[in-house]
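Student: Fold the following, please.
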Amino acid sequence: MTTLRALLRILRLVALTAYCVPPHLLARRRRPSPWPQRFLGRAARIAGFDVRISGTPLLHDVFYVANHLSWIDILSLGGATGCAFISKDGVQATPVVGWLAAQNNTIFVARKQRGAIAGQVEAVRAAVALHQPIALFPEGTTGDGSTLLPFKPALFEVLLPPPRAIRIQPVVMDYGPAGPMVAWREGESGIANALRVLGAKGRRPLTLHFLAPFDPGDHPDRKTLSAETRARIAAALAREAPAKSAAGHR
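Tutor: Modelled structure (predicted):
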C-alpha cells in the first residue's frame, strides 16, 4: 500500500506539471508568471501536507531565512509566498527538477568552489532587485527534524549594506511530531526519500511560522547577522518543542 500510495501521488504530480507548464510558458512572455507559485502550493497538498501560516509574511523586499528539513519545505514556502530560492548548483543539473526550479527564478550557487562567493553575491543582488521574495536555507543541508544546524553566513553578505529597504524575515518550518519522519535521513537517496514521504499514510499539518522581520543594516557583518537570525529561529523552535512533545504522546 505504501508503494501504491507513493506512485499515485507521483502520477498526480506529473499531471499537475502537465497542467501548469503550458500556461506558465505563455504567461511569462508578458509578465511575471503566477504559475510556479500555484504549482508549488498544489504540489504540497498532493504530497499530503496541509500548509498553515502563522504570523504575517512580507511579500516583497524580503529575504526569508528558514530551517530546512525536507524538499517539502520548498513546495510549501514557495506556494505560500511566491518566493524564489537559493539552491546549490547540483540541483540545476537534475533532470526535470532542475528545469522546474529554474522556472521559479531559482538562484543556483556553487558552494564548493573557492573564490566564487563574490559572483554568487552579485547574482543574489540582481535577484533582490526584482523585488521577488527570496528564501535561503542557511544550514546548507537538511536537518534531522530536532536539531538546528549551524548557519553558513557567506550569502548574508548580500544584505550588507542592504541594497535598499529590505528586511530579513526568519521562518520556522514546523512539521509537528512528523518532523523526524519527513527529514532527509543520513545516507538516504533522493528517490528513497521521495518514495517514503509520498507513501506515508494520511495527511500532516505543516505550519509556516513567519517571525518578526528585522533590518539587516543593524548588524555590522555577515557573521553577526547570521547569528542573530539563527538565534531567532532557535528560540521559536524551543517555544514549539513542548507542544510537539505533548502531541507526540497523545
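Student: Beyond the helix or strand bottoming out on mean pLDDT in the chain, next helix or strand please.
Tutor: Taking mean pLDDT, DSSP states H and E as the measure, the chain has helix 117-128 as its least confident helix or strand, at a mean of 67. Sequence-wise, the next helix or strand downstream of helix 117-128 (DSSP states H and E) is strand 134-136.
Student: residue closest to the middle of the chain?
Tutor: For the chain, residue 74 is the residue whose C-alpha lies nearest the centre (Cα atoms, centre = their mean; 3.7 Å).
Student: ok, how many other residues are close to the closest residue in space to it that isn't next to it in sequence?
Tutor: Among residues not flanking residue 74 along the chain, residue 85 sits closest, at 6.1 Å (Cβ to Cβ, 6 or more residues apart in numbering). Using the backbone N, CA and C atoms, a C-beta is placed for each residue, glycine as well. Burial measure for residue 85: 21 neighbouring residues, criterion other Cβ atoms under 10 Å.
Student: Test my guess that residue 85 contacts residue 101.
Tutor: Yes: under the contact definition of Cβ atoms under 8 Å, residue 85 touches residue 101, with a separation of 7.4 Å.
Student: just the helices in the chain please.
Tutor: In chain order, the chain shows helices spanning 2-27, 35-46, 72-81, 97-103, 117-128, 179-182, 190-198, 222-248, with DSSP state H as the criterion.
Student: Just list the residues touching residue 208, thanks.
Tutor: When contacts are counted by Cβ atoms under 8 Å, 6 or more residues apart in numbering, residue 208 touches 51-54, 57, 76-77, 80, 171-174.
Student: Can you tell me how far it is from residue 146?
Tutor: Distance from residue 208 to residue 146, counting by Cβ to Cβ, to the nearest Å: 18 Å.
Student: Kindly report the same for residue 105.
Tutor: Applying Cβ to Cβ, the value for residue 105 to residue 146 is 32 Å.
Student: Neighbour count for those two, which is higher?
Tutor: When neighbours are counted by other Cβ under 10 Å, residue 105 comes out ahead of the other of residue 105 and residue 146, with 17 against 12.
Student: tell me the pLDDT at that one?
Tutor: For residue 105, the pLDDT comes out at 86.
Student: Tell me which residues touch the spatially closest residue to it that is not a sequence neighbour, please.
Tutor: In space, residue 105 comes closest to residue 84 once its chain neighbours are excluded; the distance is 4.2 Å by Cβ to Cβ, 6+ apart. When contacts are counted by Cβ under 8 Å, 6+ apart, residue 84 is found next to 104-107, 127, 132-135.
Student: For burial, what's the neighbour tally of the residue lying closest to residue 188 once chain neighbours are set aside?
Tutor: With sequence-adjacent residues excluded and distances taken as Cβ to Cβ, 6+ apart, residue 188 is closest to residue 196, at 7.7 Å. By other Cβ under 10 Å, 16 other residues sit near residue 196.
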